[in-house]
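*Asks:* here is a sequence with its predicted model. Questions after.
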Amino acid sequence: MEQVQPVRIGLVGYGKGGRFFHAPLIAGARGCELAGVVTRSAARRAELERDHPGTPAFDDLGQLAAAGVDAVTISTPADTHVALSLEAIAHDLAVVCDKPFALESAAAKQVITAAAQANVALTVYQNRRFDADLLTVQAVIESGELGRVTRFESRIEQYAPDDGIPDSGGGILFDLGAHVVDQALALFGPVTSVYAELDDASGVPGRFFIAARHARGVVSHLVGDLLLHGTPGVRFRVFGTGGSYDVGAFDGQADDLMAGGSPAAAGDAWGGVPREWWGRLHAGTSTRPWPSERGDWTVFYTAFASAVRGQGVVPVDPWDAVADLEVLEAAQRSAGTGQVVTLAHPAGPAVP
């Protein structure tokens, strides 16, 4: 059998996102090879050599393209995503763009058009579609035990970083919001109206609340918080006509990566959830644990590699990311006016 060569993926940026949430996954995903990193920082080049010995570093995307990579991952501040994605497409490279895809939906559409004209694969890094807890929510809903789902609650709550709340242009709404909005749209489809609130911390928004009404009737309540004091709340709650389900913990992939772990080192244990972290299904007065699915962010890169080879679709349709941005833009308007914002054309992917 002829051996298939791995897709050579270059990484643009080696900050927190590039170093911890992309490089180990590219290196560990089936069908992928970490072929180089664009960073001019001497300190980050030293980190790259320690983390991935022998992986070359480049000054710019042009040098990376000239080295013969097949694709690039853009992991830089959000306000640089559009320009760098367009530059990569001009080099005829397939692109993974970190979330948020852009700071305006109109700009994101321009990138999609450019990729289509160049006939290169384009996707957006919505890795939390491959979280154990979200995959388990999907499994619970599909089981039918909840009946008809009426309400969904999602929370990402974190302690404020020591160096303050980061802002690369979109703030917390476009940072954490890109995750919770994408998950809600993936579960329940297009959104027809949005109400939102933003709380400030020393003039920088550090907490948001979004109420989104889906075309199919589900209402999603979405919370992001970088001002946490105390214990984080329940991660997901799903309410239906026949019961409810809640789960309170992430699957540990982010913590493991930040601690220097990797899918390659962990093997089959990667993304597994211990029984004590399982969620609970409630029906009437009875409650029982629901076994967790296994999370695996490397699935994203394996699927991307297949798409680059022309053997499948990209793991996240970039038009889904445009729909995410349209909901976030509506939330921004709502928070500024205190009014519910109606979307003229429902934003989001169709859900069977």
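*Replies:* It's in.
*Asks:* for the stretch 151-300 of the chain, which residues score under the pLDDT cut-off?
*Replies:* Applying pLDDT under 70 to the stretch 151-300 of the chain flags the ranges 160-169, 200-204.
*Asks:* cutoff 90 now
*Replies:* Within the stretch 151-300 of the chain, the stretches with pLDDT under 90 are 157-172, 199-206, 226-233, 249-252, 264-268, 284.
*Asks:* for residue 261, what are its contacts?
*Replies:* Listed by C-beta atoms under 8 Å, 6 or more residues apart in numbering, the contact partners of residue 261 are residue 24. (Each C-beta comes from the backbone N, C-alpha and C, glycine too.)
*Asks:* how near is it to residue 253?
*Replies:* Residue 261 is 9 Å from residue 253, where distance means C-beta to C-beta, to the nearest Å.
*Asks:* the stretch 201-350 of the chain: helices as residue ranges?
*Replies:* With helices called from DSSP state H, counting those that start in this stretch, the stretch 201-350 of the chain shows them at 253-258, 263-266, 298-308, 318-337.
*Asks:* which one of those helices lies nearest to residue 65?
*Replies:* helix 298-308 (14.6 Å; C-beta to C-beta).
*Asks:* what packs against that closest one?
*Replies:* strand 7-12, helix 23-28, strand 32-38, strand 94-98, strand 122-125 (3 or more C-beta pairs under 8 Å, 6 or more residues apart in numbering; DSSP states H and E).
*Asks:* quick one, which of the ones you listed gets closest to residue 288.
*Replies:* helix 23-28 (33.6 Å).
*Asks:* name the helices or strands packed onto the closest one?
*Replies:* Applying 3+ C-beta pairs under 8 Å, 6+ apart, one finds that helix 23-28 contacts strand 7-12, strand 32-38, helix 42-51, helix 263-266, helix 298-308.
*Asks:* Serialize these to TSV and add fields for mean neighbour count and distance to residue 92.
*Replies:* Below are these laid out as TSV (neighbours: other C-beta atoms under 10 Å; distance: least, C-beta to C-beta, whole Å):
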stretch	mean neighbour count	distance to residue 92
strand 7-12	26	13
strand 32-38	23	15
helix 42-51	14	25
helix 263-266	16	29
helix 298-308	23	12
